[in-house]
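**Student:** with the sequence up front, the predicted model follows.
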Amino acid sequence: MSECCNVQQEADVDLAKYVLKAFLKNKYPAPIPFSNLGFQPLEDVPRFTVFDKNQARRAHETAEKLAEAGCETLITALSDLKNRHPGSFYADYLARIALFKCPKTKFFPLPPAHQTLEKIMFARENYSLRSIIFRQRYYTYTEHSFRENQLDWWREDPGLSEHHYNWHLYYPISEELRMPRQGELFAYMHQQMLARYNCERLALELSPVVPYGPGMGWEAPLREGYDPNLEGYSSRCANMSIPNSTNTGSRHIVSSDMGVNKDRLLTGIAQGYLDKPSGERVPLTMTDLSCTVEANNGSVNRSFYGNIHNDGHEVFGCINDPNGRCNINPGPMSNILTAAKDPVFYRWHKFIDSFYESYRKTLTSYTKENLRMEGIELRKVVVKSKRSIETEPNQLFTKMIRKCHLVYVEKETPAHVYQFVMEHTPFRYEFSVWNERKEPARVVFRVFLAPFRYKNENDLDCRRNDFIELDRFVEEIGGGEEKTVTRESKDSSVLLPPGVTVEEILAGDKGDGAPCGCGWPRNLLIPRGTRHGMRTQLYVLLTDWNEDAACPELTQLKASVSYCGKQGSKYPDKRPMGFPFDRPLPWKTLDDMILGVKNSSVTDVTITRMIGYNECALL
């Protein structure tokens, strides 16, 4: 490396450390107060939520102005905001989008939200400067709520909250679409969250998520109560009813209007088109439908089809004080960082997914010709766990560990938060592939996992939405070659690349992960399984990357691309997201599906949850 490059690298490291001032409270006042730049003081900003498009738009306009002011002014102004309001979600959100918009800081690693917004991320019983004791959330007491409490460990995982936060942070509703298939990505990412959540429910012998929304249950009280035990967020009692109207301060939401919007969307799906304000009919696609349901800037007609996804979050978030008369804090559903902690998040998104499922059912089923890649045979698939003791193949292992998180509680000195989280033993896939062709083949490996169900466990139509994407990657197989392709679990295309912590940034480590922080948590790649071994099936399909690649020069799928795409460019895979499980399938079982499709395979895999000595609190 040249001396010039060394100087540039040192300069970047110093700037990365300087960027931290936007996220950590420090004892020295900022030379440029935030209010001196002409922005609205934070005390005058109403309760902030990105589900309110007007508030989100104003936040992004403020971020644009900050980014245009120059790097020095940007960071010192954000530092002043953090010093004055160290626990503010708005301050953190504004800092992340402003730094992303600034050319000098756009690709810099930012600290994870669990280190900079501890009060929003972790429930606390008591803490000191050096120690915070984590406790599980409490529900208002019903037998149903108690059973839901068994999944706190999954919903409370900080990586899950950060994944949802960062996805919406970089695909906001208030700006122009950042990739051509953004709506489809919104639908697919949330469908995969539901599939993974349902798999964890099955392991605990809980029923799958039941939708809750207009015409789908919310005429009756909401069974689930939830106490987030978070500063600034209210709890929700069990069996509360949906209010007739909700006033968020800048918007008035009428629940019956949401029912009308639902019917209009379902009518559009049945007709195969949506109506623009001009009366022009737009042929239905998953992206147009999803943009309209989310009500982002790609909505076909927001005035007619409404704001159903975002309004639902607001209704649940304000259910304790729908008209704002009692000055009660909102619940976690009103915030993209906390929403996934609440059990009703999954019931609401099951309702949202019902629109997409209605659309999927209108699509023509695949035939085996759609799945075949002539000349390619997938002869064997083996999964090997990397345990210290030798185990049989096709067995995966997980366990709960007591993890220590370093967080910054309104001070420069870190404190410790202890929390039970899941982790899995690393594993690798071994694929034996035979290329009968004379010429090399670029093959994309599509790897999915689904649990067996206790009832109708082999019925493919019942299981289609259970399939979890574990990986997608490209490999070249030489002409006439039989090749064993090895793939490590840590390299999965769904996972967030290894990020950097505050401590690593201060030590000069910029990391090589995605600066946006979007991607599935690395510790939650596979389901937790059961103590006696959960039966699952690994489905692998190989297809031709020369035909599937959106950009011919693209030779590999980078980490986190499956759920997060790539901003500013096409989604790299031309196939529908979730292919081949993106529509009803004509086969009865998975074995029927692979029959005669030599480039596919099904392998039974068992996932066993190991019990550690420090797990007694969870049993």
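**Tutor:** Structure received.

**Student:** pLDDT of stretch 330-346, averaged?
**Tutor:** Throughout stretch 330-346, pLDDT has a mean value of 96.

**Student:** my bad, should have said stretch 84-104
**Tutor:** Averaged across stretch 84-104, the pLDDT comes to 89.

**Student:** who's in contact with N335?
**Tutor:** Contacts for N335 (CB atoms under 8 Å, 6 or more residues apart in numbering) come out as 49, 89, 120, 233, 317. From N, CA and C alone the C-beta is placed, and that goes for glycine too.

**Student:** go ahead and confirm the first one touches G317.
**Tutor:** What that stands for is T49. Yes - here T49 reaches G317: they are 7.2 Å apart, a contact under CB atoms under 8 Å.

**Student:** can you check which residues contact both of these two?
**Tutor:** 330, 334-335.

**Student:** export those residues to JSON lines and append columns for distance to L66 and secondary structure.
**Tutor:** Shown next, in JSON lines, are the shared contacts of T49 and G317 (distance: CB to CB, whole Å; DSSP: H, G, I helix; E, B strand; the rest coil):
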{"residue": "P330", "distance to L66": "26", "secondary structure": "coil"}
{"residue": "S334", "distance to L66": "24", "secondary structure": "helix"}
{"residue": "N335", "distance to L66": "22", "secondary structure": "coil"}
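
**Student:** quick check, nearest of those to Y18?
**Tutor:** N335 (28.1 Å; CB to CB).

**Student:** among the contacts of N335, who's most crowded?
**Tutor:** With neighbours taken as other CB atoms under 10 Å, the top of the contacts of N335 is G317, carrying 28 neighbours.

**Student:** next up, phi/psi of it, please.
**Tutor:** Torsion angles at G317 (phi, psi; degrees, to the nearest 10) stand at phi -70, psi -30.

**Student:** nearest residue to it in space, please, no chain neighbours.
**Tutor:** Leaving out its chain neighbours, the residue that sits closest to G317 by CB to CB, 6 or more residues apart in numbering is S334, at 2.8 Å.

**Student:** would you map the helices across the stretch 251-400 of the chain?
**Tutor:** Along the stretch 251-400 of the chain, counting by DSSP state H, counting those that start in this stretch, helices occupy 255-271, 286-294, 302-305, 308-317, 343-360, 368-371.

**Student:** give me the below-cutoff pLDDT ranges for the chain.
**Tutor:** 1-11, 27-46, 124-146, 388-389, 410-412, 454-457, 510-516, 567, 612-619 (pLDDT under 70).

**Student:** what's the longest strand in it?
**Tutor:** Longest strand of the chain, by residue count under DSSP state E: strand 395-407.

**Student:** partner strands of that strand, parallel or antiparallel?
**Tutor:** Partner strands and pairing direction for strand 395-407 (DSSP bridges) are strand 415-424 (antiparallel), strand 600-610 (parallel).

**Student:** in contact with the residue sitting furthest away from the middle of the chain, which residues?
**Tutor:** Distance to the chain centre peaks in the chain at K438, reaching 41.7 Å (criterion: CA atoms, centre = their mean). By CB under 8 Å, 6+ apart, K438 lies in contact with 479-480.

**Student:** for it, grab phi and psi.
**Tutor:** Dihedral angles (degrees, to the nearest 10) for K438: phi -80, psi -30.

**Student:** ok so, going back, buried sites along the longest strand of the chain?
**Tutor:** 395-400, 403, 405, 407 (16 or more other CB atoms under 10 Å).

**Student:** chain center to it: distance?
**Tutor:** Mean-position distance between strand 395-407 and its chain equals 19 Å (CA atoms, centre = their mean, to the nearest Å).

**Student:** stretch 443-455 too?
**Tutor:** Using CA atoms, centre = their mean, the offset of stretch 443-455 from its chain centre is 19 Å.

**Student:** cool, stretch 59-79 as well?
**Tutor:** Distance of stretch 59-79 from its chain centroid, counting by CA atoms, centre = their mean, is 27 Å.

**Student:** ok, now stretch 569-584?
**Tutor:** 17 Å.

**Student:** make 686 the starting number, not 1.
**Tutor:** All right, first residue 686 from here; so that's stretch 1254-1269.

**Student:** in it, what counts as buried?
**Tutor:** Buried residues in stretch 1254-1269 (16+ other CB under 10 Å): 1256-1258, 1260-1269.

**Student:** over to stretch 897-914?
**Tutor:** By neighbour count with 16+ other CB under 10 Å, stretch 897-914 contains the buried residues 897-899, 902-903, 907-914.

**Student:** from start to finish, how long is stretch 1241-1253 in a straight line?
**Tutor:** Terminal residues of stretch 1241-1253 lie 17 Å apart, using CA to CA, to the nearest Å.

**Student:** residues touching S919, list them.
**Tutor:** S919 neighbours (CB under 8 Å, 6+ apart): 1005-1006, 1013-1016.

**Student:** cool, and C1011?
**Tutor:** C1011 makes contacts with N1005, as judged by CB under 8 Å, 6+ apart.

**Student:** do you know how far it is from T933?
**Tutor:** Going from C1011 to T933 by CB to CB, to the nearest Å gives 15 Å.

**Student:** which residue ranges of the stretch 1086-1235 of the chain form strands?
**Tutor:** Ranges of strands within the stretch 1086-1235 of the chain are 1100-1109, 1112-1120, 1126-1136, 1153-1162, 1167-1173, 1219-1229, based on DSSP state E, counting those that start in this stretch.

**Student:** make CSV out of these and add distance to R743.
**Tutor:** Below are these laid out as CSV (distance: least, CB to CB, whole Å):
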stretch, distance to R743
strand 1100-1109, 32
strand 1112-1120, 47
strand 1126-1136, 41
strand 1153-1162, 36
strand 1167-1173, 44
strand 1219-1229, 45
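
**Student:** go through those and pick out the most buried.
**Tutor:** Compared across the strands of the stretch 1086-1235 of the chain, strand 1126-1136 shows the largest average neighbour count, a mean of 23 (mean count of other CB atoms under 10 Å).

**Student:** got the angle between that strand and strand 1112-1120?
**Tutor:** 140 degrees (axes from the mean of the first three to the mean of the last three CA atoms, to 10 degrees).

**Student:** between strand 1126-1136 and strand 1219-1229, how big is the angle?
**Tutor:** Going by the same axes, to 10 degrees, strand 1126-1136 makes 160 degrees with strand 1219-1229.

**Student:** strand 1126-1136 - contacts with which helices or strands?
**Tutor:** With contacts taken as 3 or more CB pairs under 8 Å, 6 or more residues apart in numbering; DSSP states H and E, strand 1126-1136 sits against helix 867-888, strand 1112-1120, strand 1153-1162, strand 1219-1229, helix 1230-1233.

**Student:** nearest to L1191, of the ones you listed?
**Tutor:** Nearest of these to L1191, taken as CB to CB: helix 867-888 at 32.0 Å.

**Student:** residues contacting the closest residue to H937 other than its chain neighbours?
**Tutor:** Excluding the flanking residues, the one nearest H937 by CB to CB, 6+ apart is S930, at 6.5 Å. Contacts here follow CB under 8 Å, 6+ apart; on that basis S930 touches 937-940, 1007-1008.

**Student:** can you rerun that using 10 Å?
**Tutor:** Under the criterion of CB atoms under 10 Å, 6 or more residues apart in numbering, the contact list for S930 reads 937-942, 1000, 1007-1008.

**Student:** which of those are buried?
**Tutor:** Using 16+ other CB under 10 Å, the buried ones in those are 938, 940, 942, 1000, 1007.
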